Structures are given as structure tokens and as C-alpha cells.
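K.L.:
sequence and predicted model, in that order:
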Amino acid sequence: MSTASVSRVISGLPGVSEETRKRVNAAVKALGYRPDLAARRLRSGRTDTLGLIVSDIRNPFFTEISRAVEDVAYQHRMRVLLCNADEDPEKEAFYLEMMRDENVSGVILSPTLSLLTDFRPQDHPFPMVLVDRCERDVEADAVMLDNFDAAYRLTEHLITQGYRRVVFLYGSVGSTGPQRYQGYLAAMSVAGITPEAEPIIPRSERAREVAERMLRRRPLPDALMASSGLVLQGVVEAVKEAGVTVPNDIAIAGFDDLPWTSLVTPDITVIRQPTNEIGQTALRLLLERVVMPERAVRRVVLRGELMVRGSTQARV
């Protein structure tokens, strides 16, 4: 067994067989070996710390992503420095500078729209993987949902259930909401239905305000569709407050299979995102980039699962 292989296992890096990894870990345990982290950092010029900058930690989607990232980092004996940009470009820039000062090995980032507009990985002194948000022309490693497809299928489901006037509330501060809006538009166009949509700040409070305004109008929309879990929460709160019946008076559907969506009555039809796979894949891509900085850019696009529930029962 080579010294390099032993070093890779102890450092938590990929590129060795599972058999070798098990043998090295067994020897480390038997010898009671603990690496001198300070000396390792001085020799390698890097730390065993990874950065994770999410756009809004209050969004349960990013909480689940963070947990998945941490799980894989732990397997590789690496630490995760978690930061919440709160959809604020200045705060995001501050944390990126902090990551540079901390000399992290790499960063997983859910970027704000302003950063994504002219994002170039080479402008940063560490490897980066984008998660959840990425545009077609951005040459960066990324892991994301097929947002167009997911929104198309969710809209199509509502239409086939007999709902014609489907109003879509979507987030305006990132790339995800607009991509889902395009899927919604396509499904409405195929059905020959005039779209009704409103971009909003993706906060539950704001979604509730907008939904309340829509629910005061008559006739009511046939359905309200939300582009994220936070927006969906605000919509459900507004519908409950208005005293309208779901799905008899109005249908509700949205994104993110949060625990509460299956506990309310009726339970809510959603697109389930593979959050665990997104987070774990992002970290593995980052570790690959650390080891092979010149490899080709990889973009992993995952498919959401349509969870049909009582909030979108067929209209008679």
C-alpha cells in the first residue's frame, strides 16, 4: 500500500478503493493515530474545512441540503463552515471573502441572482459547486432540480384535474423561481389557457399577503400554485384565514415535501425534491474538483417526484 493512498484516506479524499480505505481506517484505529491538523495545513496550504453558503437558512429546503452535505463531509472527516447569505448580495460577498481568509478547500454555494448573472468560478481562489441555482450559460459544477420539467408536470396535473385558472406565485430573487415559471408557462400554453402569475420575494409572509389579496377577489382562482416551500406555507395560511374550502373552492399545489404538507387536511400536492441526493452529490463533486481541478465541468440535473394528494382532487 502506497504512502499516497494512506494519505488520501486519512485526509478524507476520494481516489482509493473501498478495500484500501477500510484497511487504512482499521490500522489508524488500532494504532490510535490522530493526525496533526495544524502541521497538515501548513504543509498542504489548505484546510480540512469546506464552506457552505446558502441563500436562506429559514427555507427548510436548504436545511435539508445542509444536513446532507454535513453527512458526507463527516464521512470524509472534514468540517463544514455554514453561512446564511439571506438573499443579500453584500452578505454573500462578505462570506465569500471570509472563505478565502479561512483558506477553505472548497465552497458549495446557492448564489443570489446578482452573483449568478456574471458568475465565473475562476474568479474565486477555491473550487466551487453551485447547488439549486444555476443558469445554462454558467460554466460551473452544479447540482439542481430540473425546474422546468417539475413545474410543467405540476401545472399539467392541475389542468388535467379540471382546474383552468391556475395562478402561480414564484420567487423572484434567484434563478429557480423564473425557471419554474417557464415550465408553468409552457404547460398553460399547451392547454391553451391564459397564464396568471406574480413574482414575489420568496418569504412566507409576503406569499401570505399576495394570496390574501387574490382570495378577496371574485371569482376565486381555480388553483394557487407555489414555487417553493416558504411560498406554499404563506399560501396555505392565507387560504385557512380566508375560510375557503380546499379543494372544493380552490386547489393548492407547490414545491417541497415538507412534513407539514402531509399533516394538514387535506394534505397538499407537491413536487418532492431529492434534497439528500442534491446535497450529497454537491459535496462529492466538490471533493472531485479539489483532487482534479482541471477536469471537465459537470452539471447534475435531478428529477422531482410529483406527490398527488387531497388538495388537488379532480374537479367535478
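P.N.:
It's in.
K.L.:
can we go C-alpha only for contacts and neighbour counts from here?
P.N.:
OK.
K.L.:
helices of the stretch 1-150 of the chain, residue ranges please.
P.N.:
Here the stretch 1-150 of the chain has its helices, by DSSP state H, counting those that start in this stretch, at 3-10, 18-31, 37-44, 60-75, 89-101, 113-117, 147-160.
K.L.:
how about the residue nearest the centre of the chain: what's its closest non-neighbour residue?
P.N.:
Among the residues of the chain, the smallest C-alpha distance to the mean C-alpha position (C-alpha atoms, centre = their mean) belongs to Asp132, namely 3.9 Å. In space, and not counting its chain neighbours, Asp132 is closest to Met144: 4.4 Å by C-alpha to C-alpha, 6 or more residues apart in numbering.
K.L.:
what about the one you found, how many neighbours?
P.N.:
Burial measure for Met144: 24 neighbouring residues, criterion other C-alpha atoms under 10 Å.
K.L.:
hey, least reliable of the helices of the stretch 1-150 of the chain by pLDDT?
P.N.:
Within the helices of the stretch 1-150 of the chain, confidence is poorest for helix 37-44, with a mean of 44 (mean pLDDT).
K.L.:
separation between the residue nearest to Asp132 and Val235?
P.N.:
Relative to Val235, Met144 is positioned 25 Å away (criterion: C-alpha to C-alpha, to the nearest Å).
K.L.:
can you find the helix or strand in this protein with the smallest mean pLDDT?
P.N.:
Ranking every helix and strand in the chain by mean pLDDT, DSSP states H and E puts helix 37-44 at the bottom, with a mean of 44.
K.L.:
run the chain-centre distance for stretch 298-309.
P.N.:
Its chain's C-alpha centre lies 11 Å from the corresponding centre of stretch 298-309 when counted by C-alpha atoms, centre = their mean, to the nearest Å.
K.L.:
ok, and what's touching it?
P.N.:
Contacts made with stretch 298-309 from outside it, assessed by C-alpha atoms under 8 Å, 6 or more residues apart in numbering, are listed as 140-146, 149-150, 153-154, 266-274, 278.
K.L.:
the residue nearest to Asp132 bridge partners, please.
P.N.:
Val301 (DSSP bridges).
K.L.:
quick one, strands of this structure?
P.N.:
Using DSSP state E, the strands of the chain run over residues 49-54, 79-84, 106-109, 128-131, 141-145, 166-171, 196-200, 223-226, 251-255, 269-272, 299-302, 305-307.
K.L.:
sheet partners, orientation included, of the third one?
P.N.:
Strand 106-109 has these partner strands in its sheet, going by DSSP bridges: strand 49-54 (parallel), strand 128-131 (parallel).
K.L.:
can you list those strands in CSV and add mean neighbour count and mean pLDDT?
P.N.:
Supplementary listing: the strands paired with strand 106-109 in CSV, determined by neighbours: other C-alpha atoms under 10 Å; pLDDT from 0 to 100:
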stretch, mean neighbour count, mean pLDDT
strand 49-54, 25, 94
strand 128-131, 27, 93
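K.L.:
so where's this structure uncertain?
P.N.:
Counting by pLDDT under 70, the chain contains low-confidence residues at 1-15, 24, 27-47.
K.L.:
no further queries at this time; thank you.
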